[in-house]
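Novice: got a sequence here, can you model it:
(4 chains, ligands or ions: 2)
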Amino acid sequence: MSKTHKEWERPLKELEDALLKLKELNRREQDPATKERRESQISGFEARRDRYVEVMYANLGPWEKVLVARADNRPYTLDYVQAICHNFVELQGDRNGFTDHAIVGGPAMIDGRPVMVVGHQKGRSIQERQLRNFGYARPEGYRKAIRLFEMAERFRLPVITFIDTPGADAGVEAESRGISEAIAASIFKMFELTVPSISVIIGEGGSGGAIGIAASNKVLMLEHSIYSVIAPEGCASILWRQADRGADAAKALKLTAQCALDFDLIDAIIPEPKGGAHRDWPTICANVKAEILSHLAELDTKSPATINQDRYDRFRRMGVFNDGLQP
Amino acid sequence: MSKTHKEWERPLKELEDALLKLKELNRREQDPATKERRESQISGFEARRDRYVEVMYANLGPWEKVLVARADNRPYTLDYVQAICHNFVELQGDRNGFTDHAIVGGPAMIDGRPVMVVGHQKGRSIQERQLRNFGYARPEGYRKAIRLFEMAERFRLPVITFIDTPGADAGVEAESRGISEAIAASIFKMFELTVPSISVIIGEGGSGGAIGIAASNKVLMLEHSIYSVIAPEGCASILWRQADRGADAAKALKLTAQCALDFDLIDAIIPEPKGGAHRDWPTICANVKAEILSHLAELDTKSPATINQDRYDRFRRMGVFNDGLQP
Amino acid sequence: MSNREPNKAEGFLQCANCKKIIFSVDFEQNLSVCPYCGHHHRLSASKRIEITFDPGSFRELDQELSSLNPLDFPEYAEKLASAVEKQQTNDSMTSGLAALDGIPVCVAVSDFNFMGGSMGAVNGEKITRTLERAADSGNPAIIFCASGGARMQEGLLSLMQMAKTTAAAQRCSKLGVPYFAVFSDPTMAGVLASYASVADVILAEPKALVGFAGLRVSKQAGVGKVPDDFQTAEFALHHGMIDRVVPRKEMRATLIQLTKMLGGFKTHV
Amino acid sequence: MSNREPNKAEGFLQCANCKKIIFSVDFEQNLSVCPYCGHHHRLSASKRIEITFDPGSFRELDQELSSLNPLDFPEYAEKLASAVEKQQTNDSMTSGLAALDGIPVCVAVSDFNFMGGSMGAVNGEKITRTLERAADSGNPAIIFCASGGARMQEGLLSLMQMAKTTAAAQRCSKLGVPYFAVFSDPTMAGVLASYASVADVILAEPKALVGFAGLRVSKQAGVGKVPDDFQTAEFALHHGMIDRVVPRKEMRATLIQLTKMLGGFKTHV
Ligand SMILES: [Zn+2]
Ligand SMILES: [Zn+2]
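Specialist: Ligands and ions are numbered 1, 2, ... in the order given. As a prediction, this is how the structure comes out:
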């Protein structure tokens, strides 16, 4: 069982590295015959690579989805914002003494109209990972989100949130500043909104840290993103006292987009390009933008009161249980 | 120039101490003649004490008002709450990670009706002074106040605030958690209210820390309380680089209740018993209660929208300047 | 810290904290609080209802709701069946109507003994119905929390209960209907991070465990020193997260005071 | 830190921070920012208006307002007269209407050179009128702050300006009319603790002094170590109190972006 996306994609990476070398070799090749022969060799390799990608991604198991969802070359929130919005002005601060970079946000224009964007933000370089607290948002991140939601309501901007977090920060400092209260208050605030809200799970939808900014009118999931009540490793460690049985837990937790859709917990799955979002940023960004705009258009037709009531009703329905009415 | 209330009242204290001794002596006295003679001596002393008090408090200068306003045997917020309310349930916390004991608050009943009480709280013992941060409220105190104001609005409770602070905490920690923002946000919140609000300056109304919870429909001042844009010592230190010229600054700043009334900045002066509030808690508490109830009754007749507009208009008028209209 | 259950034997029991022997009768009369050290032992939902609300006023609702195993989660059906059998109830949450010094209130009380009070769909539904009954009737909601968090065996459906219950709390707030939460031991994770923390007034029992993640996780995640009272009600109070720590024997009186003062002005119709 | 005024001499001047010599022409073209160290020197209100708003769009209002000496405060009349004469204006605050990339805005700009930008009744009145004009017209308010705080020579009347101006800001907020504040050097005390801190979006110039009390007072009051960047715009940003630190040459563009995105939906009539 692979532990990381990199590990899981290693055979593919080796193939791609070989391809790259071959291409480089051929670029310098002087002899036309050799060049031509190698060209067809390259084409063969490419076809193999494409088939490989296709097969690998055709039927991703839940654990492989976990790995892909966490891939660090997948587009992050600010990558989407940059690609699908313009005029983004990042606003900062919780106005309470603290600042957090694991949640970012501010007004931006999409398709010529202003929206309020809020999202979890992971980092790629070591420095940025630290700055972003590895995507674990702190209380001040949710309090900043609340401030931006209020601003969106005041100025009638639709809210778009991007979800991508392994979970909220559970450390001693986060606890002492009330991480639970911050998440709860953020969910609470989202239900106050009378402007439309749309959430897109772009990578990891990790438990309370995710739902903290995902209580929206429409919730969309990327094809290979995950959304779970608990990290599979944590679940495995509680259930079987074996954190390395994450794959089994991932299966049990039903954390894929398809399962979420089957249980009617999300509104749509946004298809990813072949080989995953990380293999083709322009395509996934275009897909995400199109989905957002289409749902926005639908929500635009509704009154503020309906927007608020619909959001309530959406979550009100959730939960499968025996209501004791039918025997 | 006396620096403290204790120093200023020392002659009086000596007189009272002598009286006490004399009374104690007479209590044990066996000889009826001596007893009677001493009794009349005591009466004479008492009359002298009463005249002394009367003279001392008849025409308090601004500096003496400062001293009296700061007297540590004056009733503090919780003393008033205890005396004029029942059922007070103190609520705590800013829901943001911090707690402050220099501002207290919670729902209470006055004259059979629920109100929301918020006030600065000083301490008397060394431990309580430290707990209360010597009356210098921290950002979390104002944020707790905001939470209680919101609760008052939600449940339609009139707000009563008691003002008694040398000023807000200006330390490095308070600054880092945004003491300025907290004060501003608290003022802002008070102007949102559509429930009636009444503020009573009971002792020191010290600059921003005071106005932070004093933006009410009605503002009342105790006869010997003070309300000032800056502490007189601070003013003297800036103006003349002599912090010990507080008395001169107190005069220049016009920080007495009478001056505030003359400038139409407060609505009424609550008379103090002879010799100041600290000499007769039951009387001053009764006076305060009566004033609050009378203003509440007046405000009860107004609609929520009028309450809000009246409060705006009240402060909107404040400020003396040449508007350039009359030459 | 963790074990709040006293060791029981015939006629007497042992305090889980100070280990002193207490006569069962004294223990009962003292509301399961140790007379020696003041340790608040956990209460069953029925006991909690009995000592809090007006005698005989409680009317249970929603008891017909029972959990399913929608994810076909390993071992869940068995655990559930065993809890149902042992506790003779369908869920950790008991909900219904009661009166508090004559005032009608909508109540929900969690029992930690039933699967750690975890919040699955039934639990979330009962909380939501309780808050909706409050919003609809204008009568205050009172919820006693005791939970380790979301019920992972119901996966994302459990996580969504955080949103559902918080939405219902927002309805109460919007309508000016008071909602009081009492944190009993323990109030954790998905419950603390949803409906529990958005109550108008939050009370807690002394020393109740109150926190987001298990202590081990918190230590791993943080670099700071762990304070002695970390994740207790007292820690939460000191950090501005709750209004008061209220001893069990004063809880009813405090709730009555609050209900009378904050519940008097119904803005809805 | 404190001296933001460059030393001037004919044709050139000296940066107040790095002490390098700068040609006046370069200095002007660089918006009074040192080309060597990036130090943002203070600007006069007229200069600020010139570099921020559309050319020729500013129309001053309220200039007829002038201060009185209601408390008969020692030396106030003289100080005031001297400031008026020296600065050729009635008050530190200049208010009026302007346009930002064609969008009408209500503006107020403070000039620290006039009695330290202190807020007396005239100052507070101009802020209030600016915010009221925004509330009434639905056009965004933009306020450039530069002040040591309340004007103590007007006593309690000055303190009340904190409430008056904040009330006006609340009106804008209630009506959904955006209000942007820019903290320039310095934004302190009674100004920071009132209308300045309740803006929808708060921008600040690099290294601007931003704080509640003078450094000496803060040190006396606190026990903690004073950080190197204490009471700078960067400190305020790090502590969640402002949205962005924006270099002067990007300020106009940032304000235009914000105005276009947040000012588009007027809820009032
Ligand atoms: Zn014990
Ligand atoms: Zn320089």
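Novice: which residues in chain C form strands?
Specialist: Ranges of strands in chain C, per DSSP state E, are C:7-9, C:12-14, C:21-23, C:59-61, C:66-67, C:93-100, C:103-110, C:141-147, C:179-188, C:201-204, C:210-211, C:244-245.
Novice: what's the answer for chain A, then?
Specialist: A:103-110, A:113-120, A:159-165, A:197-206, A:218-222, A:226-228, A:268-270, A:321-322.
Novice: may I have the phi/psi pair for the closest residue to ligand 2 within chain A?
Specialist: Closest to ligand 2 within chain A is A:Q92: 26.7 Å, counting by C-beta to the ion. Placement of C-beta: from N, CA and C, glycine included. When read as degrees, to the nearest 10, the backbone of A:Q92 gives phi -130, psi 160.
Novice: I'd say it and D:H239 touch.
Specialist: No: counting by C-beta atoms under 8 Å, A:Q92 sits too far from D:H239 to count as a contact (10.4 Å).
Novice: neighbours around the spatially closest residue to C:A213 that is not a sequence neighbour, how many?
Specialist: Distances taken as C-beta to C-beta, 6 or more residues apart in numbering or on different chains place A:A170 nearest to C:A213, at 3.5 Å, with adjacent residues excluded. For A:A170, the count of nearby residues is 24 (other C-beta atoms under 10 Å in any protein chain shown).
Novice: isn't A:A170 right up against A:I179?
Specialist: Yes: here A:A170 reaches A:I179: they are 7.0 Å apart, a contact under C-beta under 8 Å.
Novice: any common contacting residues for the two?
Specialist: Between them, A:A170 and A:I179 share these contacting residues under C-beta atoms under 8 Å, 6 or more residues apart in numbering or on different chains: C:F212.
Novice: check C:Q220 and give its pLDDT.
Specialist: At C:Q220, the model reports a pLDDT of 69.
Novice: residue 50: how many residues sit nearby?
Specialist: Just going to use chain A. With other C-beta under 10 Å as criterion, A:D50 counts 12.
Novice: hmm, no, I was thinking of chain C.
Specialist: C:E50 has 14 nearby residues by other C-beta under 10 Å.
Novice: any idea how far it lies from D:A146?
Specialist: 65 Å (C-beta to C-beta, to the nearest Å).
Novice: packing partners for the longest helix that chain A contains?
Specialist: Counting residues, the longest helix found in chain A (DSSP state H) is helix A:32-58. Packing partners of helix A:32-58 (3 or more C-beta pairs under 8 Å, 6 or more residues apart in numbering or on different chains; DSSP states H and E): helix A:10-28.
Novice: gap between the helix it packs on and the chain center?
Specialist: 30 Å (C-alpha atoms, centre = their mean, to the nearest Å).
Novice: only the buried residues of it, if you could.
Specialist: Within helix A:10-28, the residues that count as buried by 16 or more other C-beta atoms under 10 Å in any protein chain shown are A:L12, A:L15, A:E16, A:L19, A:L22, A:N26.
Novice: averaged pLDDT, it. What do you get?
Specialist: 89.
Novice: please apply the same query to stretch A:305-323.
Specialist: If you average the pLDDT over stretch A:305-323, you get 97.
Novice: check stretch A:58-68 too.
Specialist: 92.
Novice: who touches it?
Specialist: By C-beta under 8 Å, 6+ apart, stretch A:58-68 touches A:1-2, A:4-5, A:8, A:56-57, A:74, A:224-226, A:232, A:246-247, A:250-251, A:253-256, A:276, A:278.
Novice: which of those count as buried?
Specialist: Counted by 16+ other C-beta under 10 Å, the contacts of stretch A:58-68 give A:5, A:8, A:56-57, A:74, A:224-226, A:232, A:246-247, A:250-251, A:253-256, A:276, A:278 as buried.
Novice: so C:S110 makes contact with C:A146?
Specialist: Yes: here C:S110 lies in contact with C:A146, judged by C-beta under 8 Å, at a distance of 4.2 Å.
Novice: get me the contact residues on the stretch 51-200 of chain C for chain B.
Specialist: Counting by C-beta under 8 Å from any C-beta of the partner chain, the residues of the stretch 51-200 of chain C close to chain B are C:S173, C:G176, C:P178, C:S197, C:D200.
Novice: ok, which pair from those is furthest apart?
Specialist: Spanning the widest gap among those are C:G176 and C:S197, at 19.5 Å by C-beta to C-beta.
Novice: and these two? Which one has more around it.
Specialist: C:S197 (30 against 19).
Novice: right, and that one touches A:A185 too?
Specialist: Yes: between C:S197 and A:A185 a contact is recorded at 7.1 Å, counting by C-beta under 8 Å.
Novice: re earlier: in a markdown table: the strands of chain C, plus mean pLDDT.
Specialist: Shown next, in a markdown table, are the strands of chain C (pLDDT from 0 to 100):
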| stretch | mean pLDDT |
| --- | --- |
| strand C:7-9 | 67 |
| strand C:12-14 | 90 |
| strand C:21-23 | 92 |
| strand C:59-61 | 97 |
| strand C:66-67 | 96 |
| strand C:93-100 | 97 |
| strand C:103-110 | 97 |
| strand C:141-147 | 98 |
| strand C:179-188 | 97 |
| strand C:201-204 | 98 |
| strand C:210-211 | 96 |
| strand C:244-245 | 98 |
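Novice: export those strands to CSV and tack on mean neighbour count and distance to D:R248?
Specialist: Output for these, formatted as CSV (neighbours: other C-beta atoms under 10 Å in any protein chain shown; distance: least, C-beta to C-beta, whole Å):
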stretch, mean neighbour count, distance to D:R248
strand C:7-9, 11, 72
strand C:12-14, 17, 72
strand C:21-23, 15, 72
strand C:59-61, 14, 64
strand C:66-67, 20, 62
strand C:93-100, 23, 59
strand C:103-110, 26, 57
strand C:141-147, 28, 52
strand C:179-188, 27, 49
strand C:201-204, 26, 46
strand C:210-211, 26, 46
strand C:244-245, 19, 50
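Novice: backbone dihedrals for the residue of the stretch 1-150 of chain A found nearest chain B, both of them.
Specialist: Scanning the stretch 1-150 of chain A for the residue nearest chain B gives A:G97, at 3.5 Å (criterion: C-beta to the nearest C-beta). Backbone torsions for A:G97, taken as degrees, to the nearest 10, come to phi 120, psi -10.
Novice: and it, how many neighbours?
Specialist: With other C-beta under 10 Å as criterion, A:G97 counts 28.
Novice: tell me the contacts of it?
Specialist: A:G97 neighbours (C-beta under 8 Å, 6+ apart): A:E140, B:N96, B:P139, B:S176, B:R177, B:G178, D:H239, D:G240, D:M241.
Novice: tell me which of those fall in helices.
Specialist: A:E140, B:P139, B:S176.
Novice: look up how far chain D lies from the second one.
Specialist: Right, B:P139. Relative to chain D, B:P139 is positioned 10 Å away (C-beta to the nearest C-beta, to the nearest Å).
Novice: number of nearby residues for the residue lying closest to that residue once chain neighbours are set aside?
Specialist: Nearest non-adjacent residue to B:P139, counting by C-beta to C-beta, 6+ apart: B:A182, 3.7 Å away. When neighbours are defined as other C-beta under 10 Å, B:A182 has 33 of them.
Novice: B:A182 contacts B:K144, doesn't it?
Specialist: No: counting by C-beta under 8 Å, B:A182 stays clear of B:K144, with 9.7 Å between them.
Novice: contacts only, for the most centrally placed residue in chain C.
Specialist: The structure's chain C has its C-alpha centroid closest to C:C145; by C-alpha atoms, centre = their mean the separation is 1.4 Å. Neighbouring residues of C:C145 by C-beta under 8 Å, 6+ apart: C:S110, C:G117, C:A181, C:V182, C:F183, C:S184, C:T187, C:V191, C:L192, C:A196.
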